[in-house]
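# I need the structure of the sequence given here:
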Amino acid sequence: MTPDDPASIDRDALAILNRVFGYPSFRGPQRDIVAHVAGGGDALVLMPTGGGKSLCYQIPALLRDGVGVVISPLIALMQDQVEALRELGVRAAFLNSSLGAREAAAVERAVAAGEIDLLYVAPERLLAPRCLELLDHAKLALFAIDEAHCVSQWGHDFRPEYLQLAVLHERWPRVPRVALTATADALTRREIVTKLALQSAREFVSSFDRPNIRYRIVEKIDPKRQLLDFVAGAHAGEAGIVYCASRKKVDEIAQWLTAQGVAALPYHAGLDNATRSAHQARFLREDGLVMVATIAFGMGIDKPDVRFVAHLDMPKSVEGYYQETGRAGRDGAPAEAWMAYGLADVVQQRRLIEQSEADDTYKRVSSAKLDAMLGLAETIDCRRVRLLAYFGESSRPCGNCDNCLEPPEPWDATEPARKLLSCIYRIRQASGFGFGAQHVIAVLRGHASDRVRQHGHDALSTFGIGADLSETEWRAVLRQLIAQQLVAVDHARHQVLALTDSSRELLRGERTLRLRRPKAEPSRRPGRTARRTRGAPVPADAPTAAGDAADPAVDALFERLRQWRRVTATTRGVPPYVIFHDATLRGIAQRRPVSLEELAAVSGVGEKKLDAYGAELIDLIGSDGP
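Numbers count the residues shown, from 1 in each chain. Here you go, the predicted structure:
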């Protein structure tokens with residue numbers, strides 16, 4: 001029956017949360033969202049990855065009569081999502097191109113007969129006449145539009161088919177709709193509302209903060225070595241994602257990591273479908289794999305124990321960075337977002353915008369998004385404060401980013417910047433044309449190379465005026481000047497440097513400039529690598545505690561439980577996290593329940609899983625070995 005009494009909805013929703021999902025209480029705004037949607041209201045939900053968005057439509061779908069239809073852009077992940085629900089005893093299915101005609105027909109019959117609680121479908125499949133007709137004859141509980149930012153043409157994950165999803169409101173105006181995303185600035189939010197006809201929807205905006213993620217951005221010096229130190233040292237044996245800008249680089253880094261003893265796989269659109277699917281399946285189902293990928297990989301990834309996300313190339317927007325780094329630490333345990341960033345990243349991103357065939361409006365919006373990303377990379381203040389401010393959220397310094405943990409040294413770079421600008425001007429004045437970064441820095445530092453002498457630049461007044469700074473320091477100054485648009489790069493002329501209108505203020509002494517001083521790379525000691533610190537703060541409702549790692553008995557039982565989970569998952573043909581999340585196993589290891597009643601009190605142990613695995617777990621806990 002369709003619930004209409006608020007008290008009844010609230011009581012029944014909490015019962016489903018306890019009985020089916022095994023959680024004792026709702027988090028944040030979940031309770032209000034569930035009540036609103038279950039009561040028939042439309043909603044726009046902005047909630048960070050790992051914040052529990054899925055419960056905001058799954059529980060209302062179970063409360064209301066009919067099938068809840070979930071529109072998801074990634075076919076490859078639907079099977080795992082459905083398997084996870086079936087493990088909980090929920091009648092779930094998917095319709096996509098991976099099904100044969102007979103399998104698809106069986107799902108359609110089950111939907112028509114009212115035997116499915118949740119149906120996952122790709123947007124292109126939903127819009128097909130056959131699917132529309134199926135839903136016309138079915139009892140519909142709600143529509144959930146996952147990854148709703150895909151509707152935004154300004155966004156980083158635009159999907160053209162999402163533009164047609166306004167048909168849901170036009171065709172089924174009485175069926176509630178909930179649009180969900182973890183990433184949407186004010187512009188994207190307005191576009192979601194307009195394109196999906198959600199003007200009357202109630203908006204629920206949670207904090208964008210992911211306090212368990214440590215943000216760290218380093219200057220590119222030797223990116224491969226820096227990545228290896230991070231992955232094989234700080235995160236040895238842990239699952240993670242490494243993002244690269246090109247397919248070629250993905251293949252190169254995956255091969256190189258493998259040669260260094262790191263279990264790594266490539267993923268990009270240039271691989272055939274079978275290979276991509278196999279690599280994604282391995283990443284989801286195995287422990288400790290590193291996926292090296294373009295941004296073609298990751299949206300909707302449900303793997304909860306991704307311990308790090310690394311970027312070897314800078315994303316083009318804060319939304320992209322936030323979405324990609326948010327794939328780490330979905331379980332609430334400590335995780336890390338690491339990026340290596342250099343002068344080439346700034347130049348490349350500016351070039352892509354300038355050479356784009358898009359209209360001026362798109363270029364203007366893209367430039368503004370890039371400026372925000374550059375600001376995050378170059379800030380000397382708390383990165384989390386800057387990140388959250390982009391989404392309109394105020395905060396205090398977090399104590400869990402590189403700038404908080406190792407505050408950068410602010411530097412009055414006004415005079416060095418003026419020297420660099422003057423050198424660019426003198427070179428262009430003397431030659432009638434400009435030169436690139438390497439040549440300008442050579443002149444500044446007084447290096448009389450053949451090319452410098454050939455053009456007579458060793459006779460310029462700016463020759464050698466910057467000998468007090470290293471090449472690395474000058475490149476850092478130049479990178480930050482380009483980021484602040486005090487220097488332009490002429491891509492049509494072999495990436496030569498040029499002054500901008502803003503340069504004149506600095507040259508005339510009308511403004512000062514404070515930059516972050518580049519840090520010297522720490523010397524690498526043979527045979528030693530950094531180990532991950534477990535000091536990242538954990539949300540108050542997370543089932544782990546900072547001191548757990550120091551308890552050998554808890555750790556030993558936790559590893560035995562993980563081994564049991566691996567065997568069980570393999571037997572059932574599902575990813576390990578579908579059986580239980582690490583957080584739940586850690587909770588079991590802490591409590592050491594000796595009865596089914598005590599086991600049921602652990603967060604994440606619902607009724608169906610208690611029946612399926614309870615006795616086995618109690619026996620394992622009471623035994624001396626796995």
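
# break down the stretch 301-450 of the chain into its strands, ranges please.
According to DSSP state E, counting those that start in this stretch, the stretch 301-450 of the chain carries its strands in the segments 308-311, 335-341, 410-412.

# which one of these lies nearest to residue 289?
The minimum distance between residue 289 and the strands of the stretch 301-450 of the chain falls on strand 308-311, with 12.3 Å, by CB to CB. Any C-beta I mention is one placed from the backbone N, CA and C, and that applies to glycine too.

# what pairs with that closest one, parallel or antiparallel?
Next to strand 308-311 in the sheet, as set by DSSP bridges, lie strand 240-243 (parallel), strand 335-341 (parallel).

# what's the shortest one in contact with?
If you take CB atoms under 8 Å, 6 or more residues apart in numbering as the criterion, strand 240-243 is touched by 227, 231, 253, 257, 264, 290-295, 297-298, 306-313, 315, 324, 327-328.

# list only buried entries from those residues.
Buried members of the contacts of strand 240-243, counted by 16 or more other CB atoms under 10 Å: 227, 231, 253, 257, 264, 290-295, 297-298, 306-313, 315, 324, 327-328.

# just the residues you listed: which are in helices?
227, 253, 257, 324 (DSSP state H).

# okay if I get the residues you listed as JSON lines plus distance to residue 122 and pLDDT?
Converted to JSON lines, those look like this (distance: CB to CB, whole Å; pLDDT from 0 to 100):
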{"residue": "227", "distance to residue 122": "34", "pLDDT": "96"}
{"residue": "253", "distance to residue 122": "30", "pLDDT": "97"}
{"residue": "257", "distance to residue 122": "32", "pLDDT": "96"}
{"residue": "324", "distance to residue 122": "22", "pLDDT": "91"}
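
# max pairwise distance over those residues: which two?
257 and 324 (18.3 Å).

# can you list contacts of the helix or strand where residue 33 lies?
If you go by DSSP states H and E, residue 33 is part of helix 30-38. Outside helix 30-38, the residues within contact range by CB under 8 Å, 6+ apart are 3, 6, 9-10, 13-14, 26, 43, 45, 52, 55-57, 59-60, 63-64, 142, 176, 178, 202, 204.

# select only the buried ones of the residues you listed in ChimeraX?
Entered in ChimeraX, the line below selects the buried ones among the contacts of helix 30-38, by 16+ other CB under 10 Å:
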select :3,9,10,13,14,26,43,45,52,55,56,57,59,60,63,64,142,176,178,204
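
# so which of the contacts of helix 30-38 belong to strands?
Cross-referencing the contacts of helix 30-38 against strands under DSSP state E gives 43, 45, 142, 178, 202, 204.

# with respect to residue 423, which of these is nearest?
residue 45 (52.4 Å).

# what pairs with that closest one across the strands?
Going by DSSP bridges, residue 45 forms beta bridges with residue 180, residue 204.

# tell me the contacts of it?
33, 53, 56, 178, 179, 180, 181, 204.

# and of those residues, the nearest to residue 382?
Nearest to residue 382, judged by CB to CB, of the contacts of residue 45 is residue 181 at 24.8 Å.

# how far off centre is the helix ranked longest in the chain?
Ranked by residue count and defined by DSSP H, the top helix of the chain is helix 552-572. With CA atoms, centre = their mean, to the nearest Å as the basis, helix 552-572 stands 27 Å off its chain's centre.

# next, the buried residues of the helix or strand following it.
Next along the chain after helix 552-572, taking DSSP H and E as the criterion, comes helix 576-579. Within helix 576-579, the residues scored as buried using 16+ other CB under 10 Å are 576, 577, 578, 579.

# and of those residues, the nearest to residue 96?
The shortest approach to residue 96 among these belongs to residue 578, at 18.6 Å (CB to CB).

# any idea how far that closest one lies from residue 285?
Note on residue 578: its distance to residue 285, by CB to CB, to the nearest Å, is 9 Å.

# residues contacting residue 393?
207, 208, 209.

# now do the same end-to-end measure for stretch 390-402.
Stretch 390-402 has an end-to-end distance of 19 Å (CA to CA, to the nearest Å).

# quick one: buried residues of it?
Buried residues in stretch 390-402, defined by neighbour count with 16+ other CB under 10 Å: 390, 391, 395, 398, 400, 401, 402.

# repeat that for stretch 159-168.
Buried, per 16+ other CB under 10 Å, within stretch 159-168: 159, 161, 162, 165, 168.

# CA-only coordinates of it, as PDB, when you get a sec.
Output of stretch 159-168 as PDB, limited to C-alpha atoms (Å, rounded to 0.1, in the frame of the first residue of the first chain):
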ATOM      1  CA  ARG A 159      25.500  12.200 -21.200                       C
ATOM      2  CA  PRO A 160      23.300  13.500 -24.000                       C
ATOM      3  CA  GLU A 161      20.600  10.900 -23.300                       C
ATOM      4  CA  TYR A 162      20.000  12.400 -19.900                       C
ATOM      5  CA  LEU A 163      18.500  15.500 -21.700                       C
ATOM      6  CA  GLN A 164      15.600  13.300 -22.600                       C
ATOM      7  CA  LEU A 165      14.700  12.300 -19.100                       C
ATOM      8  CA  ALA A 166      12.100  15.000 -18.700                       C
ATOM      9  CA  VAL A 167       9.900  12.500 -20.400                       C
ATOM     10  CA  LEU A 168       9.400  10.900 -16.900                       C
END
